[in-house]
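In: take this sequence and fold it.
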Amino acid sequence: MHATKETTTSTPSPTDAPSTMPDVQASSDARQVAIDKVGVKEVVYPMILRTPDGGEQATIATINMFVALPHTQKGTHMSRFLEVLNDHAGKPVTPDRIPEITRAIKERLEAKEAHFEASFTYFINKAAPVTGQKGLMNYEVTFECTANCKEDFVVRVSAPATSLCPCSKEISEYGAHNQRCRIEAAVRFKGNLWIEDLVTHLESAASYPVWAVLKRPDEKHVTEKAFDNPKFVEDIVRDLALRLEDDDRITWFSINSENFESIHSHNAYAQLTRDKREQ
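Out: Numbering: from 1, shown residues only. Next up, the predicted model:
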């Protein structure tokens, strides 16, 4: 019995296939218009955060990744953003690793500038002011990193709080209108700054903080404290600015407050930005 010799045809492997295909994104573009940011948005990814007590908090981040595209190039390689992110999947994404990932995006896509944004919900177990009843408060946080000739890292935190109108209190025979407000701070800093530190600054600038769980003694306390500390939206951002000015770790900040009015159909808003490095 004789063996029959088989003729085989070489099939390109998946890793070889791209080299035989035209790279349209890398082709030149006759319009000569540079793009500031191009990339992918709404990537859902796990993230690990350290907490001040030495523990960790797991969360799910929504990630955006971009690069600057030169005027000579038609498009960017969208798949490479996810490749970089997945290359780092062996270790959890943590705040201290975000600059490393941003640099890797810049290098992998051969860009002059790369951007990484991760937005997520952060929880703090907060005790009510009188009864001490604990409940989880949620805060919205964003880490923003840019890598070009140097690296820039910004932390953005927003917190709900209570604001009570000074004018309403002054002109009314009894009571005053109050509302929930949303206070936000974006900061650049040096050293170690916890999310909890920023939350404390934000809540301290309001008429009074809010809680997830309040019993009747707590409600009485919160209502009276807010009544004794009326603030316009302008007062909130000014008081917050003073607190951030006094925090030597913070080098730059952009802050705002939006008061969701209870007796108007519109909201009140104030914003300011300060660079302490220029002072």
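
In: now tell me which helix or strand of the chain has the poorest mean pLDDT.
Out: Within the chain, no helix or strand scores below helix 166-171, which has a mean of 86 by mean pLDDT, DSSP states H and E.

In: ok, residues contacting that one?
Out: Applying Cβ atoms under 8 Å, 6 or more residues apart in numbering, the contact partners of helix 166-171 are 175-177, 227, 230-232, 235, 263. Yep, even glycine has a C-beta here, placed from its N, CA and C like the rest.

In: 7 Å - rerun?
Out: Applying Cβ atoms under 7 Å, 6 or more residues apart in numbering, the external contacts of helix 166-171 come out as 176-177, 230-232.

In: which of the residues you listed sits closest to Ala89?
Out: Ala89 has its nearest neighbour among these in Lys231, at 45.4 Å by Cβ to Cβ.

In: phi and psi next, for the closest residue to that closest one other than its chain neighbours.
Out: Leaving aside its sequence neighbours, Lys231 sits nearest to Ser207 (Cβ to Cβ, 6 or more residues apart in numbering; 5.0 Å). With angles defined as degrees, to the nearest 10, Ser207 sits at phi -60, psi -40.

In: contact partners for Ser207?
Out: With Cβ under 7 Å, 6+ apart, Ser207 has these contacts: 162-164, 178, 226, 229-231.

In: can you tell me which of those end up in strands?
Out: Taking DSSP state E as the definition of strands, those contribute 162-164, 178.

In: next one: the nearest residue to Glu140 once chain neighbours are set aside from Leu49, what distance?
Out: Spatial nearest neighbour of Glu140, chain neighbours left out: Ser158 (4.7 Å); criterion: Cβ to Cβ, 6+ apart. Ser158 sits 16 Å away from Leu49, going by Cβ to Cβ, to the nearest Å.

In: can I get the CA coordinates of stretch 116-130 in PDB?
Out: Taking Å, rounded to 0.1, in the frame of the first residue of the first chain, the C-alpha atoms of stretch 116-130 are listed here in PDB:
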ATOM      1  CA  PHE A 116      -8.000  59.100  28.600                       C
ATOM      2  CA  GLU A 117     -11.200  59.700  30.600                       C
ATOM      3  CA  ALA A 118     -12.800  57.300  33.100                       C
ATOM      4  CA  SER A 119     -16.100  58.200  34.700                       C
ATOM      5  CA  PHE A 120     -17.600  56.100  37.500                       C
ATOM      6  CA  THR A 121     -19.800  56.200  40.600                       C
ATOM      7  CA  TYR A 122     -18.000  56.200  43.900                       C
ATOM      8  CA  PHE A 123     -19.700  55.200  47.200                       C
ATOM      9  CA  ILE A 124     -19.000  56.500  50.700                       C
ATOM     10  CA  ASN A 125     -20.700  55.000  53.800                       C
ATOM     11  CA  LYS A 126     -21.900  58.100  55.500                       C
ATOM     12  CA  ALA A 127     -23.400  58.300  59.000                       C
ATOM     13  CA  ALA A 128     -26.400  60.500  59.700                       C
ATOM     14  CA  PRO A 129     -25.500  63.600  61.800                       C
ATOM     15  CA  VAL A 130     -27.600  62.800  64.900                       C
END
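
In: buried residues in that stretch?
Out: 116-118, 120, 122, 124, 126, 128-129 (16 or more other Cβ atoms under 10 Å).

In: for those, which one is nearest Ala212?
Out: Lys126 (6.6 Å).

In: from Ala270, how far off is the closest one?
Out: Using Cβ to Cβ, Lys126 is found at 26 Å from Ala270.

In: and if you look at Leu242?
Out: For Leu242, the distance to Ala270 - Cβ to Cβ - is 14 Å.
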